[in-house]
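Asker: 3D, please:
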Amino acid sequence: MNKGELKKTLEAVAEGTFSPEEALTKIRLQPYEDLGFAKTDTQRGLRQGAGEVIYGEGKTAEQIYKITESLLENGEKSVLITRLSADKAAEVSEKIKLYYDETSKIGIAGEKSEKNDVGNIVIATGGTSDMPVAEEAAVTAEFYGNRVTRLYDVGVSGIHRLIDNAKVLADARVVIAVAGMEGALASVVGGMVDCPVIAVPTSVGYGANFEGLSALLAMLNSCASGVSVVNIDNGFGAGYIASKINKIQVEK
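Answerer: The predicted model follows:
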């Protein structure tokens, strides 16, 4: 539904020829704008509570720009772009206002909210090498308005570093545990807190790590209750679901 069609629908409601319920149904059933190379999901916010996110890897800078432009023109105040390289970010920023974080490889087009005060999501990493994935989770959670506390390099090889931050973990509404190698961090954290723990295996590690597979399997086999697992290196997925959990906790 373009702006003209939306205006006509709203005018019909104002005139009494269309009920608000009928208008809402009509708007929700207008699912996308066809750009030829992409079909932008302009009504995702109505269905899911958050707008479409652009996965930047594999797309050209021009495609990213046009998809972003479509979403902004159809009512999104800001658009999250993940796995965006610095080169593509530079090209896109020439045509549209873009905030870019090089560590997480996330771009935010349009308005960038500075109000991140909902609940508290703690993100802990096994090591410094896990930071890119952790920052993808952190920036994603902040994009959706959550307060984020970072605990980096608190892995089990020096577990006293984690124990020293026990109070920070205890005050969390959700914990995201990001680790490669053997992925033990998630189980240890899961045994320390009473909130949901989202485990993120990373591809950090030597050969037998199998690019994150060993960490993934270890996290799936965690003996700690309350630990869920996302895919290898999926910081975005962890940040997104942590936001949903965090906001449910706050609403209660």
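
Asker: where do the strands sit along the stretch 101-250 of the chain?
Answerer: Listed in chain order, the strands of the stretch 101-250 of the chain (DSSP state E, counting those that start in this stretch) span residues 106-110, 118-125, 146-151, 174-179, 197-201, 227-229.

Asker: so which of these gets nearest V79?
Answerer: strand 106-110 (4.5 Å; C-beta to C-beta). Every C-beta, even on glycine, is put in place using the N, C-alpha and C of the backbone.

Asker: need the residues that contact that closest one.
Answerer: For strand 106-110, contacts defined as C-beta atoms under 8 Å, 6 or more residues apart in numbering pick out 56, 68, 72, 76-82, 84, 89, 92, 96-101, 135-136, 139-140, 143.

Asker: direction included, what does that strand pair up with?
Answerer: The strands beside strand 106-110 in its sheet (DSSP bridges) come out as strand 78-82 (antiparallel), strand 98-101 (antiparallel).

Asker: and the last one, how far from the chain's centre?
Answerer: In other words, strand 98-101. Distance, stretch centre to chain centre, for strand 98-101: 15 Å (C-alpha atoms, centre = their mean, to the nearest Å).

Asker: residues contacting it, please?
Answerer: With C-beta under 8 Å, 6+ apart as the test, strand 98-101 has contacts from 84, 86, 89, 92-93, 106-109, 112, 135, 139.

Asker: next one: the first one
Answerer: Strand 78-82 is contacted from outside by 51-56, 64, 68, 71-72, 92, 105-113, 136, 140, 143, 236, using C-beta under 8 Å, 6+ apart.

Asker: among these, the buried ones, what's the PyMOL command?
Answerer: Of the contacts of strand 78-82, the buried ones go into a single PyMOL selection, burial set by 16 or more other C-beta atoms under 10 Å:
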select buried, resi 51+52+53+54+56+64+68+71+72+92+105+106+107+108+109+110+136+140+143+236
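
Asker: got the buried residues for the lengthiest helix in the chain?
Answerer: Once the chain is assigned using DSSP state H, the helix that runs over the most residues is helix 235-251. By neighbour count on 16+ other C-beta under 10 Å, the buried set for helix 235-251 is 235-243, 245-247, 249.

Asker: hang on, the earlier thing: JSON lines please, covering the strands paired with strand 106-110 and showing mean neighbour count, distance to I159 and mean pLDDT.
Answerer: Conversion of those to JSON lines gives the following (neighbours: other C-beta atoms under 10 Å; distance: least, C-beta to C-beta, whole Å; pLDDT from 0 to 100):
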{"stretch": "strand 78-82", "mean neighbour count": "23", "distance to I159": "32", "mean pLDDT": "94"}
{"stretch": "strand 98-101", "mean neighbour count": "18", "distance to I159": "30", "mean pLDDT": "95"}
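
Asker: and of those, who's closest to S187?
Answerer: S187 lies closest to strand 78-82 among the strands paired with strand 106-110, at 27.3 Å (C-beta to C-beta).

Asker: now whichever helix or strand comes after the closest one against strand 78-82, angle please.
Answerer: Note on strand 78-82: by DSSP states H and E, the next helix or strand toward the C-terminus is helix 86-93. Calculated by axes from the mean of the first three to the mean of the last three C-alpha atoms, to 10 degrees, helix 86-93 forms an angle of 160 degrees with strand 78-82.
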